[in-house]
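Colleague: my questions concern the predicted model and sequence given below.
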Amino acid sequence: MKALHFGAGNIGRGFIGEVLAKNGFEITFVDVNEKVITALNEKHEYLIQLAEPTKKQIKVTGVAGINNAKEPAKVAQAFAKADIVTTAIGPKILPLIAPLIAAGIKLRRKNDNYQKIDVIACENMIGGSQFLKTEVYKHLDAATKAFADEYIGFPNAAVDRIVPQQSHADPLFVVVEPFKEWVIDESQLKDPALKLKDVHYAKQLEPYIERKLFSVNTGHATVAYTGQVYGYDTIGEAIKDKRVLDQVKAVLAETRELLLAKWGFERAELEAYQQKIIERFENPELSDEITRVGRTPIRKLGYDERFIRPIREAKLHGLSYQALLKTASDIYRFNDPADPESQQLKEMLTTLPLIEVIYQTTGLDKQKDATLLAELKAQCER
Ligand SMILES: NC(=O)c1ccc[n+]([C@@H]2O[C@H](COP(=O)([O-])OP(=O)(O)OC[C@H]3O[C@@H](n4cnc5c(N)ncnc54)[C@H](O)[C@@H]3O)[C@@H](O)[C@H]2O)c1
Ligand SMILES: O=P(O)(O)OC[C@@H](O)[C@@H](O)[C@H](O)[C@H](O)CO
């Protein structure tokens with residue numbers, strides 16, 4: 001069985017690779033990082049280490065790599081033979097790999113390959129695989145779209161495991177937290193016979209992805225942005241500060257009420273889930289940079305992202321969103337000289353009126369969301 005995975009980065013190697021290998025797949029990673037691709041093709045295996053006192057190691061075998069910048073045709077060939085396709089590459093990169101997937105679908109059709117497969121985007125975004133499908137379809141003619149409608153699935157998914165930035169002599173070695181959760185929307189599968197061990201298949205993904213994104217990611221980002229305001233560099237240091245911890249708890253209390261109102265989770269279960277998340281952020285065995293968690297701040301300010309969506313929806317439900325608003329305003333203060341979006345945001349703030357920057361970054365509607373825009377502006381000014 002063959003898997004093709006786009007993105008041999010932290011979560012790609014540190015989570016998706018582990019699960020696919022455990023399920024007996026040979027994995028071909030696609031990436032532009034030549035060092036990683038060369039190492040994959042030389043060693044055909046790598047180690048994952050759990051960030052816990054035992055430092056347990058897991059060996060992932062049967063791996064290889066393709067540098068898509070150098071050998072794009074090889075990607076289509078691998079896609080044509082794959083039994084499953086996954087991505088963990090970043091939401092903004094999905095449109096860039098869409099032509100490669102489109103070429104792979106064309107080749108499957110040309111080869112009369114009628115085996116149904118699923119392409120699963122494992123990104124931190126709502127509707128990631130369906131977004132990828134839209135991008136891929138931009139590169140297909142009508143006949144190939146009809147073929148893809150029949151044989152290629154794009155089930156949405158949610159993945160959860162904290163995998164920090166890695167800096168080891170071995171470019172493949174990856175340290176990860178022990179916790180892991182991967183949920184796939186069962187209703188969107190083209191190949192329902194292929195069920196991965198260690199993956200949960202949900203009839204409805206939205207409650208899972210919203211619980212994850214608005215608890216883990218909203219909480220994580222809150223530690224990062226609040227932590228940077230107080231001068232910290234890592235998540236572990238920041239969360240030790242009571243002011244940061246209190247802000248995370250306040251933010252999670254707001255998203256919790258929204259999740260309860262929307263999806264009817266058990267209150268005690270959701271409280272335990274969010275408490276566990278705080279303990280995951282506090283893991284002393286894991287060193288995670290604030291710059292990684294706060295990365296791409298403009299993306300994180302997006303209309304359907306981890307702050308503006310719960311703020312909009314809490315307002316609609318008549319729930320409190322003041323703590324969320326506070327952290328959202330701190331995003332505008334985030335600074336990482338190495339992050340192009342952070343620098344773009346700084347530039348926008350020096351050249352445009354604040355309300356225009358908020359409007360452009362959040363996608364809030366000038367008429368419909370006028371009150372929210374004004375509230376966020378007032379919070380930024382405070
Ligand atoms: N790290 C985590 O804790 C974590 C957990 C859950 C989900 N995610 C999600 O997974 C995705 C990847 O995150 P990550 O932390 O692994 O990032 P990462 O930067 O470690 O990995 C991304 C990989 O994509 C590669 N890449 C970038 N542009 C490319 C292109 N045009 N073609 C081919 N490869 C390209 C990079 O070289 C890199 O190896 C994101 O959507 C993230 O939100 C991350
Ligand atoms: O990957 P991002 O930039 O969307 O978010 C940064 C972190 O919050 C994220 O990578 C978490 O570590 C991960 O989502 C945990 O499952």
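Modeller: Ah, there it is. Ligands and ions are numbered 1, 2, ... in the order given.
Colleague: go through stretch 199-212 and flag the buried ones.
Modeller: Neighbour-count burial for stretch 199-212, counted by 16 or more other C-beta atoms under 10 Å, picks out 199, 201-202, 205, 207-212. Where C-beta positions appear, they are placed from N, C-alpha and C, glycine not excepted.
Colleague: for the residues you listed, which one is nearest ligand 2?
Modeller: Taking C-beta to the nearest ligand atom as the measure, residue 212 is the one of those closest to ligand 2, at 7.1 Å.
Colleague: got the CA coordinates for stretch 267-286 in PDB?
Modeller: Coordinates of each C-alpha in stretch 267-286 appear next as PDB, following Å, rounded to 0.1, in the frame of the first residue of the first chain:
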ATOM      1  CA  ARG A 267     -19.900  20.500  30.000                       C
ATOM      2  CA  ALA A 268     -17.800  18.400  32.300                       C
ATOM      3  CA  GLU A 269     -16.100  16.600  29.300                       C
ATOM      4  CA  LEU A 270     -15.400  19.900  27.500                       C
ATOM      5  CA  GLU A 271     -13.900  21.400  30.700                       C
ATOM      6  CA  ALA A 272     -11.700  18.300  31.100                       C
ATOM      7  CA  TYR A 273     -10.700  18.500  27.400                       C
ATOM      8  CA  GLN A 274      -9.700  22.200  27.800                       C
ATOM      9  CA  GLN A 275      -7.900  21.600  31.100                       C
ATOM     10  CA  LYS A 276      -5.800  18.900  29.400                       C
ATOM     11  CA  ILE A 277      -4.900  21.400  26.700                       C
ATOM     12  CA  ILE A 278      -3.500  23.800  29.300                       C
ATOM     13  CA  GLU A 279      -1.400  20.900  30.700                       C
ATOM     14  CA  ARG A 280      -0.200  20.100  27.200                       C
ATOM     15  CA  PHE A 281       1.000  23.800  26.800                       C
ATOM     16  CA  GLU A 282       2.700  23.400  30.200                       C
ATOM     17  CA  ASN A 283       4.600  20.200  29.200                       C
ATOM     18  CA  PRO A 284       8.200  20.800  30.600                       C
ATOM     19  CA  GLU A 285       9.600  18.300  28.100                       C
ATOM     20  CA  LEU A 286       8.500  20.400  25.100                       C
END
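Colleague: before we move on, back to that, nearest to residue 92, of the buried residues of stretch 199-212?
Modeller: Of all the buried residues of stretch 199-212, the one with the least separation from residue 92 (C-beta to C-beta) is residue 209, at 18.3 Å.
Colleague: can you tell me, leaving aside adjacent residues, what's nearest to the closest one?
Modeller: Excluding the flanking residues, the one nearest residue 209 by C-beta to C-beta, 6 or more residues apart in numbering is residue 158, at 4.2 Å.
Colleague: that older thread, so which of the buried residues of stretch 199-212 is the closest to residue 292?
Modeller: Within these, proximity to residue 292 (C-beta to C-beta) peaks at residue 212, which comes in at 17.7 Å.
Colleague: and the residue nearest to residue 209, how many neighbours does it have?
Modeller: Residue neighbour count, defined by other C-beta atoms under 10 Å, stands at 27 for residue 158.
Colleague: how about the one 4 residues further on?
Modeller: Counted with other C-beta under 10 Å, residues neighbouring residue 162 total 25.
Colleague: quick check on it: phi, psi?
Modeller: When read as degrees, to the nearest 10, the backbone of residue 162 gives phi -80, psi 120.
Colleague: chain center to stretch 282-292, what's the gap?
Modeller: Chain-centre distance of stretch 282-292: 17 Å, with C-alpha atoms, centre = their mean, to the nearest Å.
Colleague: start and end of that stretch, how far apart?
Modeller: Distance across stretch 282-292, first residue to last, is 16 Å (C-alpha to C-alpha, to the nearest Å).
Colleague: what's the mean pLDDT across it?
Modeller: The average pLDDT within stretch 282-292 is 96.
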